[in-house]
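Visitor: dropping the sequence and predicted coords here.
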Amino acid sequence: MANYVLVAGAWLGAWAWDEVAAELRAAGHRAHPLTLSGLAERRGVPAGQRTHVEDIVGEVERLGLPDVVLVGHSYSGLPVGQAAELIGDRLARVVFVDANVPQDGVSFVSEAGNGQEVAVAIAMNDGFWPPLTAPDFAGQGLTDAQIARIVAGSTPHPGASLTEPAVLTGSMADLPATYVKCLLDWPEPYGHVVGLLESEHWRLAELDTGHWPMFSAPRELARLLAEL
């Protein structure tokens, strides 16, 4: 059975994976949801992107995990992708769930379509990216109760993790990877992900739901992960 290390995107913590983790465990796997520094119950801890990479590598090493499937959602694809390079033969696969995929020397704000807007928001909010509000989740396949849960649990995201560039020693194309595209958010992969999917080591999977599948389609997401 595999060890799934689950890392949610901006504003979220390990709690976001509760339903997915339960499904994976019921299927006989081991699930290890992780809260990154500065978020959720770790709010207040100074954190840049490199800190988040160290969080992930440190958790794998602390638990002595073999056969690791690193799962990064949204922003967390950046530190997860970098961590995948660093855990060596412990890595079984890296999974990007509607996620950013790191490029050496490129930050979240420099590649995001709304990067300038994010940078301004960080500057105006004491170095943090404020969480989304309920209307921002419209059209993503979420119920009102699910939206309320996300909004209530979200915490401001450490801005340094969004402005620091990724650091890679090799090519993401060489890693065993699956990119999970959530179709309601946008029907196709974008940017350099398109090129990475041409690699023999990469696979594309699709979910007919929005950008937060751990809430809107936890059973389907868990089933997809287990099938890897």
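Guide: Looks like it arrived, so ask away. Residues are numbered from 1 along each chain as shown.
Visitor: after the longest helix that the chain contains comes which helix or strand?
Guide: Ordering each helix of the chain by length in residues (DSSP state H) puts helix 49-63 first. Next along the chain after helix 49-63, taking DSSP states H and E as the criterion, comes strand 68-73.
Visitor: just how off-centre is stretch 25-39 within its chain?
Guide: 12 Å (C-alpha atoms, centre = their mean, to the nearest Å).
Visitor: can you get me the start-to-end distance on it?
Guide: Taking C-alpha to C-alpha, to the nearest Å, stretch 25-39 runs 25 Å from one end to the other.
Visitor: could I get the average pLDDT for that stretch?
Guide: For stretch 25-39, the mean per-residue pLDDT is 98.
Visitor: tell me which residues of it come out buried.
Guide: Residues of stretch 25-39 classed as buried by neighbour count (16 or more other C-beta atoms under 10 Å): 29, 30, 31, 32, 33, 34, 35, 36, 37, 38, 39. Yep, even glycine has a C-beta here, placed from its N, CA and C like the rest.
Visitor: for stretch 8-24, same thing?
Guide: Across stretch 8-24, burial judged by 16+ other C-beta under 10 Å covers 8-14, 16-17, 20-21, 23-24.
Visitor: ok, stretch 102-117 next?
Guide: Under the neighbour-count criterion of 16+ other C-beta under 10 Å, stretch 102-117 has 102, 103, 106, 107, 108, 109, 111 buried.
Visitor: for the chain, what spans make up the strands?
Guide: 3-7, 30-34, 68-73, 91-97, 128-129, 157-158, 177-182, 202-207 (DSSP state E).
Visitor: could these go into TSV alongside distance to residue 226?
Guide: Below are the strands of the chain laid out as TSV (distance: least, C-beta to C-beta, whole Å):
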stretch	distance to residue 226
strand 3-7	9
strand 30-34	10
strand 68-73	10
strand 91-97	11
strand 128-129	32
strand 157-158	29
strand 177-182	12
strand 202-207	12
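Visitor: which of those strands is buried the deepest?
Guide: Most buried of those by mean neighbour count (mean count of other C-beta atoms under 10 Å) is strand 68-73; its value is a mean of 29.
Visitor: for residue 63, list the residues it contacts.
Guide: Neighbour list for residue 63: 3, 32 [criterion: C-beta atoms under 8 Å, 6 or more residues apart in numbering].
Visitor: the residue nearest the centre of the chain bridge partners, please.
Guide: Nearest to the mean C-alpha position of the chain, by C-alpha atoms, centre = their mean, lies residue 73 at 2.3 Å. Applying DSSP bridges to residue 73 gives these bridge partners: residue 97.
Visitor: so for it, what's the pLDDT?
Guide: pLDDT recorded at residue 73 is 98.
Visitor: separation between it and residue 5?
Guide: Counting by C-beta to C-beta, to the nearest Å, the gap between residue 73 and residue 5 amounts to 12 Å.
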